[in-house]
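1. Fold the following.
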Amino acid sequence: MSLLVERIFLICTVFLFLSFMPVGFGAAPTEKEVLEAMKRATDFMMNTVSNRGGFLWHYSEDFSKQWGEVPARKSQIWVQPPGSTPSVGIMLLEAYEVTGDLQYLRYAEKVAGALIWGQLPSGGWHYFIDFDTAGVEKWYEEVASQCRGWEEFYHYYGNATYDDDTTTSATRFLLGLYARTLDPQYRPFLLKALAFILESQYPNGAWPQRYPLRYDFPHDGHADYTSFYTFNDGVISNNIDLLLEAYEKLGDEGYRKAAYRGMDFYILSQLPTPQAGWAQQYDMDMKPAWARSYEPAALNTHQTARNIKGLENFYLITGDRRYLEPIPKALQWLEASVINMDPTKQFTHATFYEVQTNRPLYAHHEVRDGKIVSYRVDYEEFDLPYYGGRRNIEIIALKKEFQTVSALEPEEARADYRKRRQSAQAVLKVEPLEVEKLIGSTDKRGAWVTEIKFLDTDNYADNPQIEFRGIDTQTYISNMYALINFLKTSKER
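-> Numbers count the residues shown, from 1 in each chain. Have a look, this model is predicted:
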């Protein structure tokens, strides 16, 4: 075959290949295509899936079943992240800011209306909002209390919770909505939520898991834990972050002072050497306390690692070296508490360590008729599935970061904090092929129907995960952020 013939053959082959390729294959999606996909997906979620502007975590494909963290009623929406009503609202504000399309703002206002409807008289929020309030207690009796292991749903308190960023995420969304629009209709509800956070803070700077305080449900010989000083699940750290943001956007000095009191609680609550770590929660005598049946009154390695990072961040914010002083002793305790140095195993520490003896503690469960009926905590090694009896704590990385941060002078620390904030706010690059896949994976309604897996609430410790096809709110949020970030980077080019 001559060189000329070979070239003609190659050109014809490429032409035929291009003729049969899907439209858009290999080319960056246009801005119009991205905007249309975002609009179709959001119209579907807001007009077909949402309940008065609110969302649950998961829906079966035919909408016959729905879930928050536990099986939910059709009359409910979920406030507790992830994949929650505030999470959708925060994303919609971002979509509005990037596209300038007022429809996203209108939808965000609809989300706000649902959250405002469910704001408790105290100013906070419960895990969920139920538009059929008369059925809540029956649902607790028949559904929530039967989800063994989800002890926060065993009883209906009727108060607000900070657990898992619930009240703070709703407040953060209202803060973002008000800051963008300055619409006076949202200000009273935002200020009410912020006043709730200030009111519920203890004088020592800590916050309880729930407020107003209730003591109704002791268990297994332990006090009701919801009034304790609580680090677990981000209670204190989320409140601090939110108050600092509120101070920046609203300028109220009271928010900054409350955030700093929260910071100081980290110092107050560190246990003495040689166990200079932290517990997940403390009783009114500042002693580690029991919470759920599998959360003993013990030091917690994961919480200790998180608190070390939190203290470093406080130093970067303030330039006050007091916040670095607890860290060396905490690192020494973590180093002294290693139970495994084999890198092929996925853990270095136990989750819990007994006060005084420093012996690892492990939670065990008893199952009867397919249900968890009780727990015990002892020294017998056991890795409780999902919750985890063991943890991988990266001590070398923790020590390296501490050396880096502590080497900074106060003014350098504050400058570094500003730099880190800018870096955290940087737009993540999204490849055109990924965007093309996202656009092409929606159905004719604009829905992303996905394979959903999550814990079996009948018995999370022994049963396999529940699996089904359906609508996942977190998937919608994540996909929308990918499209938003693609638009941002496209405009920067």
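
2. Ramachandran angles for Glu354?
-> When read as degrees, to the nearest 10, the backbone of Glu354 gives phi -70, psi 140.

3. for it, what are its contacts?
-> Counting by C-beta atoms under 8 Å, 6 or more residues apart in numbering, Glu354 touches 296, 298, 360-361. Yep, even glycine has a C-beta here, placed from its N, CA and C like the rest.

4. measure it to Leu191 for me?
-> Plainly put, Glu354 is 44 Å away from Leu191 if you go by C-beta to C-beta, to the nearest Å.

5. what do you get for Ile236?
-> Applying C-beta to C-beta to Ile236 and Leu191 gives a distance of 22 Å.

6. Looking at those two now, which is surrounded by more residues?
-> Ile236 (24 against 16; other C-beta atoms under 10 Å).

7. Give me the mean pLDDT for the host helix or strand of Tyr362.
-> Using DSSP states H and E, Tyr362 sits within strand 360-368. For strand 360-368, mean pLDDT is 90.

8. Which SSE is immediately downstream of that strand?
-> Past strand 360-368, the next helix or strand by DSSP H and E is strand 371-378.

9. now for that next one, which elements pack on it?
-> strand 360-368 (3 or more C-beta pairs under 8 Å, 6 or more residues apart in numbering; DSSP states H and E).

10. What residues of the strand it packs on count as buried?
-> Neighbour counts using 16 or more other C-beta atoms under 10 Å place 360-363, 365 of strand 360-368 among the buried residues.

11. likewise stretch 58-69?
-> 58-59, 66-69.

12. Give me the distance between the lengthiest helix in the chain and the centre of its chain.
-> As assigned by DSSP state H, the longest helix anywhere in the chain is helix 473-492. Taking C-alpha atoms, centre = their mean, to the nearest Å, one finds the center of helix 473-492 at 19 Å from the center of the full chain.

13. what sits up against it?
-> Here helix 473-492 makes contact (C-beta under 8 Å, 6+ apart) with 28-29, 31, 34-35, 37-38, 41-42, 45, 49, 55-58, 82-84, 87-88, 91, 94-95, 98-99, 427-430, 432, 434-435, 438, 448, 450.

14. Pull out the buried members of those residues.
-> Listed as buried from the contacts of helix 473-492 are 28-29, 34-35, 37-38, 41-42, 45, 49, 55-58, 83-84, 87-88, 91, 94-95, 98-99, 430, 435, 438, 448, 450; burial here means 16+ other C-beta under 10 Å.

15. Among these, which ones are in strands?
-> 58, 450 (DSSP state E).

16. Go through the buried ones among the contacts of helix 473-492 and flag which are in helices.
-> Here DSSP H is the test, and the buried ones among the contacts of helix 473-492 give 34-35, 37-38, 41-42, 87-88, 91, 94-95, 98-99, 435, 438 as lying in helices.

17. For stretch 452-459, list every residue counted as buried.
-> For stretch 452-459, by 16+ other C-beta under 10 Å, it's 452, 455-459.

18. what about the nearest residue to Gly262 once chain neighbours are set aside, which SS state?
-> Among residues not flanking Gly262 along the chain, Ile240 sits closest, at 4.3 Å (C-beta to C-beta, 6 or more residues apart in numbering). Following DSSP: H, G, I helix; E, B strand; the rest coil, Ile240 is assigned to helix.

19. give the contact list for Ile240.
-> Taking C-beta under 8 Å, 6+ apart as the test, what Ile240 contacts is 259, 262-263.

20. confidence score at it?
-> On the pLDDT scale, Ile240 gets 98.

21. So it versus Gln119, what's the distance?
-> Taken as C-beta to C-beta, the span from Ile240 to Gln119 is 22 Å.

22. cool, and Gly158?
-> Using C-beta to C-beta, Gly158 is found at 14 Å from Gln119.

23. neighbour-wise, which of these two wins?
-> When Gly158 and Gln119 are compared for neighbours, Gln119 comes out ahead with 22 against 14, by other C-beta under 10 Å.

24. so the more buried one makes contact with Ala193?
-> Yes. Under the criterion of C-beta atoms under 8 Å, Gln119 makes contact with Ala193 at 7.0 Å.

25. what is in contact with these two at once?
-> Common neighbours of Gln119 and Ala193 (C-beta under 8 Å, 6+ apart) are Ala170.

26. give me the low-pLDDT residue ranges for the stretch 351-493 of the chain?
-> For the stretch 351-493 of the chain, the stretches with pLDDT under 70 are 384-388, 492-493.

27. roughly how far apart are Arg106 and Phe173?
-> When C-beta to C-beta is the yardstick, Arg106 and Phe173 sit 15 Å from each other.

28. Can you pick out the residue with more neighbours from these two?
-> When neighbours are counted by other C-beta under 10 Å, Arg106 and Phe173 differ, and Phe173 comes out ahead with 27 against 12.

29. And that one, which helix or strand is it part of?
-> Short version, using DSSP H and E: Phe173 is in helix 166-181.

30. Next, the angle from the helix or strand following that helix to helix 166-181.
-> Next helix or strand after helix 166-181 toward the C-terminus (DSSP H and E): helix 187-200. Relative orientation of helix 187-200 and helix 166-181, computed by axes from the mean of the first three to the mean of the last three C-alpha atoms, to 10 degrees: 140 degrees.
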